[in-house]
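K.L.:
Quick one: sequence plus predicted model below, questions after.
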There are 2 protein chains.
Amino acid sequence: MNKKMSLILAAVFTALALPAYAQFAKPEDAVKYRKASFTLMGAHFGRVGAMVNGRVPFDTKVAAENTELVADLAKLPWPAFGEGTDKGETRAKPEIWKESAKFKELSDKFQAEAVKLQAAGKTGNLDAIKVAFGATGASCKACHDNFRKD
Amino acid sequence: MNKKMSLILAAVFTALALPAYAQFAKPEDAVKYRKASFTLMGAHFGRVGAMVNGRVPFDTKVAAENTELVADLAKLPWPAFGEGTDKGETRAKPEIWKESAKFKELSDKFQAEAVKLQAAGKTGNLDAIKVAFGATGASCKACHDNFRKD
């Protein structure tokens, strides 16, 4: 294989290895993006919480829509925690990059809980939603306790 | 019908008329939420644009994922433009609340174009995506030109 072909293949493999969402022109774009995804997640998770805690009446449609949104949004922020995005207006702790395996484990756990919450949301059963909401909230907290500044 | 029953029914009808996402504790929460939704929309629309403009290689999976995200996110910000959310750090022009029918028309148009873009994204046909991307971008611009400060 000649050198030119090697370089082309290396570029192709690098492109294939890139996650679909890891495309930010500047680190601050990544920070802004991941904060936006947590803002939306929090809002929609909060709407589920309002029903779980009885602050607003339970509505199966609202529950299904919001739990689906939480699960969809839960997939987004992680590729925006690339190397070099530890600067600027962020509450991300340096541990995210020092203990990346643990960060991945906790973020994967959260996504898995969000998928279960979405499934519970589809059932229209408030008790099932309460259980999944609690587990999802605990997985948020586990990651925040380790990796987010107060 | 007695007065108590009238009040209960009025409350029920008001609750039914509320859009599912019009639930913000404070106006600044609504502003933060809608800005977050535009940030994510812009990021994912930009990833489609990078393929449309040939800056990155066309990838059917990336196109399908990102056009779906744009269509899903396109539904979100509008209930966060409630009365009283014209203050603070926002580029929203007062015309949004003065010409609300026009604002609704343009935001509905954008959502419809985003749905067409999602459909094009599913085809895996770059030419179809280019057409829908152009129409969606034009509908973004139409609303920005009228209702967003520079």
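P.N.:
Yep, it's here. Since the model is a prediction, treat every value here as computed from it, not as a measurement.
K.L.:
what packs against the longest helix seen in chain A?
P.N.:
For chain A, the helix reaching the highest residue count under DSSP state H is reported as helix A:27-52. Contacting helix A:27-52 under the criterion 3 or more CB pairs under 8 Å, 6 or more residues apart in numbering or on different chains; DSSP states H and E are the following elements: helix A:60-73, helix A:126-147, helix B:27-52. C-beta coordinates here come from the backbone N, C-alpha and C atoms, glycine included.
K.L.:
what comes up buried for it?
P.N.:
Judged by neighbour count using 16 or more other CB atoms under 10 Å in any protein chain shown, the buried positions of helix A:27-52 are A:27, A:29-52.
K.L.:
Chain B contacts on chain A?
P.N.:
Applying CB under 8 Å from any CB of the partner chain, one finds that chain A approaches chain B through A:15, A:20-21, A:23-24, A:29, A:32-33, A:35-37, A:39-40, A:43, A:47, A:50, A:56-57, A:61-62, A:65-66, A:69, A:72, A:76.
K.L.:
gap between stretch A:89-96 and the chain center?
P.N.:
Counting by CA atoms, centre = their mean, to the nearest Å, stretch A:89-96 is centred 15 Å from the centre of its parent chain.
K.L.:
Would you mind listing the outside residues contacting that stretch?
P.N.:
Identification of contacts with stretch A:89-96 by CB atoms under 8 Å, 6 or more residues apart in numbering or on different chains yields A:31, A:35, A:81, A:85, A:86, A:102, A:103, A:146, A:147, A:148, A:149, A:150.
K.L.:
May I see the ChimeraX selection of the buried members of the residues you listed?
P.N.:
To isolate the buried members of the contacts of stretch A:89-96 in ChimeraX, using 16+ other CB under 10 Å:
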select /A:31,35,81,85,103,147,148
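K.L.:
The longest helix of chain A vs helix A:126-147, what angle?
P.N.:
Taking axes from the mean of the first three to the mean of the last three CA atoms, to 10 degrees, one finds helix A:27-52 and helix A:126-147 inclined to each other by 150 degrees.
K.L.:
what ranges of chain A fall below the confidence cut-off?
P.N.:
In the predicted model, chain A carries pLDDT under 70 at residues A:1-22.
K.L.:
quick check, residue A:112 in a strand?
P.N.:
No: using DSSP: H, G, I helix; E, B strand; the rest coil, the assignment for residue A:112 is helix, not a strand.
K.L.:
and it, how far is that from residue B:135?
P.N.:
37 Å (CB to CB, to the nearest Å).
K.L.:
What of residue A:44?
P.N.:
Using CB to CB, residue A:44 is found at 28 Å from residue B:135.
K.L.:
For residue A:87, which three-state class applies?
P.N.:
Going by three-state DSSP, the secondary structure assigned to residue A:87 is coil.
K.L.:
Test my guess that it contacts residue A:27.
P.N.:
Yes: judged on CB atoms under 8 Å, residue A:87 makes contact with residue A:27 at a distance of 6.2 Å.
K.L.:
before we move on, the earlier item: in a markdown table, list the helices and strands packed on helix A:27-52 along with distance to residue B:96.
P.N.:
Listed next are the helices and strands packed on helix A:27-52 as a markdown table, based on distance: least, CB to CB, whole Å:
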| stretch | distance to residue B:96 |
| --- | --- |
| helix A:60-73 | 24 |
| helix A:126-147 | 33 |
| helix B:27-52 | 11 |
